[in-house]
Every structure is written in structure tokens, then in C-alpha cells.
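Chemist: Build me a structure from this.
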Amino acid sequence: MLANYLIGLREGLEMALIVTILVAYVVKLGRTEVLSKLWIGVGIALIVPLAIGAVLTWGPMGMSFQAQEILGGSLSIVAVGFVTWMVFWMGKTARSMKSTLHGRLDSALVGAGWGVVLLAMLSVGREGIETSLFVWATVASTGDSWEPAVGALLGLATAAVLGFLLYRGMVKINLGAFFTWTGAFLILVAAGVLAYGIGDLQEAGLIPGGGVHAYDISGAIPSSSWYGTLAAGIVNFNPSPTWLQVGAWVAYLAVVGYFYVRQHRASARPAPSAPAPTSAPASQHAPIAS
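Modeler: Next up is the predicted model:
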């Protein structure tokens, strides 16, 4: 539940920041008549992820066990790809997101402003679809039907409140530190989802090595214990993984963690200051006598 709460909080805060930037810019330009169109786009963007989540939850019920495992494993790996891209994209574009959205909004406000619907739908909907897919993958990996989903909804609700308070200037958050630490946490969660997805594909017989376990510590940390359940809910802990699951987990954390740390170290370095212009000799600026 905690993992999904943080996922919902982070992704929801990203969506809230996008909406806040768009609303504030529209109000600043005095185009308040297009606010209704903007909210239409936001509403559509929120409905689509809910529909995708419903299809993923109840759609596969009529499938065979093998088909369900293949679908679940494949979508888990796709979710890991989405969240990894999103974490690095946010780290790269966080500083320029405001100016980028302003530029796109300038184009969308031409004429009657119906382009605002599409802009809001695409800007918010992308985050919503990523959230829906990743939350579904974490819910599927824990085997719990309602607690992780409730955690994600609570995180989204908290993000909505924070977004409103930020817009009103009633609260200040160090967004850089927030997204840095939650991004690192999401990478840890994604590693567990990746291992879970590989396990599903192994159970379906699509990938070999399903019966070869690297270790089994279920006696020391039973999955049914409160601490085993807590570890599974936060980082998708598996007391008896296969060798391929362990290898994928370690490789993902090593590679993605390395590039994540490198990206944030590079963004933390101060930009090199431009050299002060040197004054040219007076003879170079003096007019030439005819």
C-alpha cells in the first residue's frame, strides 16, 4: 500500500503541476474563457487511465492460465519501461517543463482555443496512463486486490490537494528533492516488477528456467507473515526467485541506478559561467578618416 501511495503521490503531483502551470498561464493571459475547454481535456485524460485499469483488471478473466501469465508478464515489463523512461524524462525536462508548456499553450490558444482540450488531454493523459499501467503491475505482483489500489488513490488525492495549495501559494515544496528521492524509490519498485514479470513469463513457459530457483528463504521470511507482506508490497520481495529473476533485478538496479545517479550529478553541477567580454583596443573602434 505504501509503495502505491508514493507512486500515486509522485505521478499525481506531476499531473497537478502540469494542470497548475496551464491554468495559471491561461489566467495570466486573460483567456479565462478557455478554462472550461482545459478542464474538458483534463477530464478526458483522467477517464482514459481508469478505463485502461478496468480493462486490465477484469478483461483477462476469461483467458487461460497461460494466456493470463503471458499478458501479465508482458504488461509488467512494458510498465517498467514506461516508468523508467518517465523517471529520466522528468529529471531531464523538469527545469524547462514550464516554458515548454507555455510555448505549446500559446499555439493551442489560437482562435477559439479548442486546441487546449487536446493539449491538456495529451499532457495529463500521458502521466495518467503510465500511472495506471504501473499501479496495475504492482497490484498484480502483490496478489492483493484492494489495498494497493486504495494506496494509489490516496496518493492521487494527496497530490490533488498539494497541487491546489501550490497554485494558491499556501505551501512550498522542494520539488527537486521530492522528484529525486521518489524517482530512486520508483526504480527500486520497478526492479521488483521486472522480476515479477519475468517470473510470469517463466510460469507460462515462454522463458526457460522457471523451476531453477536461486535461493529459498521462505522459511525465514514467509510470504504470509506481516513483514513478508510488507516487503512484497513495497519492493515486490520474492522469497524464492529464479536465477533469471535475480539476474534481471540486479542488472536493472545496476544499470538504471548508475545512469540515474549520473544524470542527477550532472544536473547538480553549476553551469559554466561565460567569460567576461574583453574590451577591444580603442584603435579598432575608431573611425577611419577618409
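Chemist: In the chain, what helix or strand scores lowest on average pLDDT?
Modeler: Sorted by mean pLDDT, DSSP states H and E, the helices and strands of the chain end with helix 282-285, the least confident at a mean of 43.
Chemist: remind me which residues of the protein are low pLDDT?
Modeler: Of all residues in the chain, those with pLDDT under 70 make up the ranges 1-2, 60-62, 94-95, 111-113, 141-146, 148, 233, 268-290.
Chemist: so residue 48 sits right up against residue 130, yeah?
Modeler: No: assessed by CB atoms under 8 Å, residue 48 is found out of contact with residue 130, at 11.7 Å. Bear in mind the C-beta positions are built from the backbone N, C-alpha and C, glycine included.
Chemist: quick one, helices of the chain?
Modeler: Remark: helices of the chain, listed N- to C-terminal, are 2-28, 35-58, 65-93, 97-108, 115-142, 147-168, 175-203, 226-235, 243-268, 282-285; assignment by DSSP state H.
Chemist: out of those, which comes closest to residue 212?
Modeler: Smallest distance to residue 212 across those (CB to CB): 5.6 Å, for helix 243-268.
Chemist: Now do the closest one against helix 65-93: the angle between them, please.
Modeler: Following axes from the mean of the first three to the mean of the last three CA atoms, to 10 degrees, one obtains 10 degrees for the angle between helix 243-268 and helix 65-93.
Chemist: Quick one: list the elements packing against helix 243-268.
Modeler: Counting contacts by 3 or more CB pairs under 8 Å, 6 or more residues apart in numbering; DSSP states H and E, helix 243-268 is packed against helix 65-93, helix 175-203.
Chemist: how about that helix: buried residues?
Modeler: By 16 or more other CB atoms under 10 Å, the buried positions in helix 243-268 come out as 244-246, 248-249, 252-253, 256, 260, 263.
Chemist: Thank you, goodbye.
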